[in-house]
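Visitor: Predicted model and sequence below, questions to follow.
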Amino acid sequence: MHSRNHWGGSFEISTSGEELSGYEGNNNHMHTREWDRAALLERYHPQSQDMDETLQSWVLERSVKSKKTKYVDLGCIVISHKALKWIFGSIFLAFLLIALPIIIAKSLPNHHSRPTPPDNYTLALHKALLFFNAQKSGRLGKSNGIGWRGNSGLNDGNDSDVKGGLVGGYYDAGDNTKFHFPMAFAMTMLSWSVLEYKDKYIAIHEYAHTRELIKWGTDYLLLTFNHSATKINKIYAQVGGSLNSSTTPDDHYCWQRPEDMEYSRPAISIYQGADLAGEMAAALASASIVFQDDVAYSKKLIKGAKTVFDFARDNGKRKQYSRGEPYIEPFYNSTSYYDEYMWGAAWLYYATGNSTYISLATNPSIFKHSKGYFLTSQFTVLSWNNKLPAAMLLLTRFRMFLSPGYPYEDMLKMYHNVTSLTMCSYLDHYKVFNRTRGGLIQLNRGEPQSLQYVANAAFMASLFADYMEEIGVPGWYCGSTYFPMSALKSFATSQIDYILGNNPMKMSYIVGFGNKFPRHVHHRGASIPNDHKHRSCTGGWKWRDTPNPNPNNITGAMVGGPDRFDKFHDSRKNYNFTEPTLAGNAGLVAALISLTSSTGSGIDRNTIFSAIPPLGPQNPPPPPPWKPIKT
């Protein structure tokens, strides 16, 4: 049996004349075709039977002789032509399958996929930072970016002993007063947020901007005392202000743009005030870590922080800075200074690594005098007046990440436990604080201007959750009940979402964010047209009293907020609803950066600890050897 012949017929050679003459239907050209000589030998040479064996072998050999394999010498190896062809063929095939598509793709026009759009927290953050640009006092550059603001307060501090005066800093709210206590707190909060979320600030292109805002504040704070001295006895606590029910031109009686101020703005100095000094130390120390890449400036800030903290710790200075000060007490009255001791000492330890400061921050008597042992709900609310919950969270960070052990462990464990309880108090599960029907937590017990406290709590809850995530702890206990850290993120997002517009009024409480936001903000500069016309002290009243919207939107300002019934009155005359504050916006910025997920994630674990030297042994020293008691 034979294999199939694709050319027709079998593989047997036919020698009949009929078959030969019929090949391809044309026997006239048979003489032109090459036939196998051995196959034709018998037909055309019958005598081949008697052909000598030499001739037969020659004919047969020529008919079956195989081709000689050729080789190529490549030096190190010798390879056949056939193998070489296979190799080059494989390379060419790989080129066609892999390289060629890449080349074609590279040559085509680039059509990049659209980047992920920023989330609402990022969009709101861009705006919230602009509020600080609008609040700047002093000589503004063109890069400030707020078209309706100009140079102002250039005569501030002319009545002081500060060379060049007290020019610069920030106006506090809708008036033109510079309150140094909440200003310092705002700078500390901004610095803290940058230290925790540096990568996020960089990713959304706000890192340089936020650093510039912090430096604008710390440069000014350094003017308010002799920062080059080792010991001081005076701090300037405020520039401008007013007396209640005053009819004398001042920052409250007059309604003028800062650029038009022409009334007296006294620089108020204090000779006692551990709270103000402690907060200023916190601001300068935290900023020194932010600016550690600028060695000279960082050292300057640390030097100032040490000097002003020594003032705070001086036995003769231990009094609230606002006590007996009629220009300060009605507005930013401080109720204690022990929280600033803990707060300032913690930041100075992080900035310097000097164990004296951490020893003070973990001193049981400091915690006792701050009334932290009472665990009342009022001490869980972070504000410009109460830094205790923030100080304990900051020191809990120390325990969670560095585990310093003895001799700090007992108090750090206490701070950690209290911080955990503070977080529990924010959960709706425990009803420690009331909530509006719209879901806004009432941290200030239904009093006006609630949003600043809400923003601070959202930041703390979100940050504590990030701490737990960083060390791989999925949650925490409230008594015997375990909560996942997502409960804190849910709390934080629910409160900030309320501020951004998810509320019964369907209104954003951040100016310029969303379609519906306050248009009658209680703010002198925003309410008066920037038309290069001078308005007198009382000449601006018509702009205060008009029902028309502000001609200038103070973008990014978080207003005071709604009442405990979720109602909001967009009225310039009602500052409880519509006035923004420096401290409030600082907490808002911190909360927003902690929640944004547009790009970047997590906290910067180590930068804040960069000045802390390697910690010593964590075990307490052994007890002294026993000695018999002499009788």
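Guide: On my side now, so go ahead.
Visitor: What's the local residue count around residue 353?
Guide: 15 (other C-beta atoms under 10 Å). Quick note: C-beta positions are derived from backbone N, CA and C, even for glycine.
Visitor: shouldn't it be in contact with residue 612?
Guide: Yes. Counting by C-beta atoms under 8 Å, residue 612 is a contact partner of residue 353 at 4.7 Å.
Visitor: quick one: contacts for the residue nearest to residue 494 when sequence neighbours are not counted?
Guide: Take residue 494 and drop its neighbours on the chain: the residue closest to it by C-beta to C-beta, 6 or more residues apart in numbering is residue 439, 6.0 Å away. Counting by C-beta atoms under 8 Å, 6 or more residues apart in numbering, residue 439 touches 494, 495, 498, 503.
Visitor: Mind checking what secondary structure residue 439 has?
Guide: Using DSSP: H, G, I helix; E, B strand; the rest coil, the secondary structure recorded for residue 439 is coil.
Visitor: Please indicate which of the contacts of residue 439 are buried?
Guide: Neighbour counting with 16 or more other C-beta atoms under 10 Å marks 494, 495, 498, 503 as buried within those.
Visitor: What residues does the second one make contact with?
Guide: When contacts are counted by C-beta under 8 Å, 6+ apart, residue 495 touches 439, 440, 441, 454, 455, 457, 458.
Visitor: surely the fourth one meets residue 499?
Guide: Yep, that's residue 454 we're talking about. Yes. Counting by C-beta under 8 Å, residue 454 sits close enough to residue 499 to count as a contact (7.0 Å).
Visitor: shared neighbours, the two?
Guide: Jointly contacting residue 454 and residue 499 under the rule C-beta under 8 Å, 6+ apart are residue 561.
Visitor: about what we covered before: now, among the contacts of residue 495, which is nearest to residue 90?
Guide: The nearest member of these to residue 90, counting by C-beta to C-beta, is residue 458 at 62.4 Å.
Visitor: low-confidence ranges in this structure?
Guide: Within the chain, the stretches with pLDDT under 70 are 1-84, 88, 92-97, 99-116, 600, 629-631.
Visitor: all strands for it, in order.
Guide: Along the chain, the stretches classed as strands by DSSP state E are 71-73, 78-80, 178-179, 235-239, 267-270, 475-478, 481-484.
Visitor: looking at those strands, which is buried most?
Guide: Per-residue neighbour counts averaged over each of the strands of the chain give the maximum for strand 178-179, namely a mean of 30 (mean count of other C-beta atoms under 10 Å).
Visitor: helices or strands up against that strand?
Guide: Packed against strand 178-179, as judged by 3 or more C-beta pairs under 8 Å, 6 or more residues apart in numbering; DSSP states H and E, are the following elements: strand 235-239.
Visitor: list the helices and strands the strand it packs on packs on?
Guide: Partner elements for strand 235-239 (3+ C-beta pairs under 8 Å, 6+ apart): strand 178-179, helix 180-196, strand 267-270, helix 274-290.
Visitor: how far off helix 274-290 does that strand point, in degrees?
Guide: 90 degrees (axes from the mean of the first three to the mean of the last three C-alpha atoms, to 10 degrees).
Visitor: now strand 235-239 against helix 180-196, angle please.
Guide: Inter-element angle recorded for strand 235-239 and helix 180-196: 100 degrees (by the same axes, to 10 degrees).
Visitor: Sheet-wise, list the partners of strand 235-239 with their directions.
Guide: strand 178-179 (antiparallel), strand 267-270 (antiparallel) (DSSP bridges).
Visitor: Can you tell me what sits against that strand?
Guide: With C-beta under 8 Å, 6+ apart as the contact definition, strand 235-239 has outside contacts at 153, 156-157, 160, 162, 166, 169, 177-181, 223-225, 265-270, 273, 276-277, 280, 308, 311, 321, 325, 327-328.
Visitor: And stretch 215-223, by the same measure?
Guide: Residues from elsewhere that reach stretch 215-223, judged by C-beta under 8 Å, 6+ apart: 132, 136, 138, 157, 162, 164, 166-170, 180, 183-184, 186-187, 190, 236, 280, 283-284, 287, 291, 297, 300-301, 304.
Visitor: Please list only the buried members of the residues you listed.
Guide: Using 16+ other C-beta under 10 Å as the burial test, the contacts of stretch 215-223 include 132, 136, 138, 157, 162, 166-170, 180, 183-184, 186-187, 190, 236, 280, 283-284, 287, 291, 297, 300-301, 304 as buried.
Visitor: what about residue 508, distance to residue 272?
Guide: Remark: distance between residue 508 and residue 272 (C-beta to C-beta, to the nearest Å) = 42 Å.
Visitor: Among these two, which residue is more densely surrounded?
Guide: Neighbours per residue, other C-beta under 10 Å: of residue 508 and residue 272, the larger number sits with residue 508, 23 against 20.
Visitor: ok now do the residue lying closest to the more buried one once chain neighbours are set aside, which residues does it touch?
Guide: The shortest distance from residue 508 to any residue that is not its chain neighbour, by C-beta to C-beta, 6+ apart, is 3.7 Å, and that residue is residue 514. Counting by C-beta under 8 Å, 6+ apart, residue 514 makes contact with 500, 501, 507, 508.
Visitor: quick one: which of these is nearest to residue 565?
Guide: Using C-beta to C-beta, residue 507 is the member of the contacts of residue 514 that lies nearest residue 565, at 14.2 Å.
Visitor: still on that earlier bit, could I get the contacts of residue 439 as TSV with distance to residue 242?
Guide: Formatted as TSV, the contacts of residue 439 follow (distance: C-beta to C-beta, whole Å):
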residue	distance to residue 242
494	38
495	33
498	33
503	33
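Visitor: Among those, which are located in helices?
Guide: If you go by DSSP state H, the contacts of residue 439 have 494, 495, 498 in helices.
Visitor: Counting neighbours, what do you get for residue 497?
Guide: That count, for residue 497 with other C-beta under 10 Å as the rule, works out to 16.
Visitor: I should have written residue 313 there, sorry.
Guide: Based on other C-beta under 10 Å, the number of other residues close to residue 313 is 16.
Visitor: list the contacts for it?
Guide: Residue 313 makes contact with 274, 341 under the criterion C-beta under 8 Å, 6+ apart.
Visitor: For residue 278, see how far away it is.
Guide: To residue 278, residue 313 is 9 Å away according to C-beta to C-beta.
Visitor: Show me whatever sits in contact with both of the two.
Guide: Common neighbours of residue 313 and residue 278 are listed as residue 341 (criterion: C-beta under 8 Å, 6+ apart).
Visitor: all helices of the stretch 101-250 of the chain, in order?
Guide: 120-134, 180-196, 198-203, 207-223 (DSSP state H, counting those that start in this stretch).
Visitor: Highest mean neighbour count across those helices, which stretch is it?
Guide: Highest mean neighbour count among the helices of the stretch 101-250 of the chain (mean count of other C-beta under 10 Å): helix 180-196, with a mean of 27.
Visitor: Which strands or helices does it pack on?
Guide: Where contact means 3+ C-beta pairs under 8 Å, 6+ apart, helix 180-196 is packed against helix 207-223, strand 235-239, helix 274-290, helix 451-470, helix 582-595.
Visitor: how about the helices of the stretch 351-500 of the chain, start to end?
Guide: Listed in chain order, the helices of the stretch 351-500 of the chain (DSSP H, counting those that start in this stretch) span 355-361, 364-369, 388-402, 409-426, 451-470, 486-500.
Visitor: Those helices: which one's closest to residue 91?
Guide: The closest approach between residue 91 and any of the helices of the stretch 351-500 of the chain, judged by C-beta to C-beta, belongs to helix 451-470 at 50.1 Å.
Visitor: buried set for the closest one?
Guide: Of the residues in helix 451-470, those with enough neighbours to count as buried (16+ other C-beta under 10 Å) are 451-469.
Visitor: what's the answer for stretch 235-251, then?
Guide: Taking 16+ other C-beta under 10 Å as the neighbour-count basis, stretch 235-251 is seen to contain the buried residues 235, 236, 237, 238, 239, 240, 241, 242, 249, 250, 251.
Visitor: Need these in CSV (columns: distance to residue 486).
Guide: As requested, the buried residues of stretch 235-251 are arranged in CSV below (distance: C-beta to C-beta, whole Å):
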residue, distance to residue 486
235, 44
236, 46
237, 43
238, 43
239, 45
240, 46
241, 45
242, 47
249, 54
250, 50
251, 45
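Visitor: dump the residue contacts of residue 185.
Guide: Contacts of residue 185 were listed using C-beta under 8 Å, 6+ apart, and they are 279, 283, 384, 387, 583, 586.
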